[in-house]
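**Student:** Sharing a sequence plus its predicted fold:
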Amino acid sequence: MKRDPDYLRTMLIDFEASSDWQHLVEEDKNNVEKRTKYYNALLAEDLGYLNAITDHTGPDSIGRRYYRVTSEGYDFIDTTRDKVIWEKTKGVARDVGGLTIKAMQELAFRLVQQKLNEYAGS
């Protein structure tokens, strides 16, 4: 399965929009959407964007994990929230042949700073 920055971003934004701070993510080998979400949640955990609160995995190959968004995760959300900035970030990633998620976050942050400088200059 490939890492999908759009999916990761959308998942984190959806978590933020929820009225709850705990988010259940379940793995189901027979359900592509659940597998995709579970995999991307694991990647977000690797990046420090999510923290697993509980982990329930059983012999039936179905995992259940509750996550919370970390401060680093909220920083990613805030940095990439603007669609124009996100599209520019993805465009640069395409142009250079790909970027890590952390590099995309850093680039988006620089684009946000550029926007702030424009506001400050006016």
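**Tutor:** Yep, it's here. Bear in mind that the values here come from a model prediction, so they are computed numbers and not experimental data.
**Student:** and residue 33, what element?
**Tutor:** Element membership of residue 33 [criterion: DSSP states H and E] is helix 32-47.
**Student:** average pLDDT for that helix?
**Tutor:** Mean pLDDT, helix 32-47: 95.
**Student:** Any idea how far that helix is from the middle of the chain?
**Tutor:** 9 Å (Cα atoms, centre = their mean, to the nearest Å).
**Student:** what helices or strands is that helix leaning on?
**Tutor:** Contacts defined by 3 or more Cβ pairs under 8 Å, 6 or more residues apart in numbering; DSSP states H and E place helix 32-47 against helix 5-17, strand 23-26, strand 50-57, strand 63-69, helix 71-80, helix 101-121. Every residue, glycine included, has its C-beta placed from N, CA and C.
**Student:** Now render the ones you listed as a markdown table, adding mean neighbour count.
**Tutor:** Output for these, formatted as a markdown table (neighbours: other Cβ atoms under 10 Å):
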| stretch | mean neighbour count |
| --- | --- |
| helix 5-17 | 17 |
| strand 23-26 | 18 |
| strand 50-57 | 14 |
| strand 63-69 | 19 |
| helix 71-80 | 18 |
| helix 101-121 | 14 |
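**Student:** what's the least confident stretch among those?
**Tutor:** Among these, strand 50-57 carries the lowest mean pLDDT, a mean of 79.
**Student:** Reformat the helices and strands packed on helix 32-47 as JSON lines; add distance to residue 43.
**Tutor:** Shown next, in JSON lines, are the helices and strands packed on helix 32-47 (distance: least, Cβ to Cβ, whole Å):
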{"stretch": "helix 5-17", "distance to residue 43": "7"}
{"stretch": "strand 23-26", "distance to residue 43": "12"}
{"stretch": "strand 50-57", "distance to residue 43": "9"}
{"stretch": "strand 63-69", "distance to residue 43": "12"}
{"stretch": "helix 71-80", "distance to residue 43": "12"}
{"stretch": "helix 101-121", "distance to residue 43": "8"}
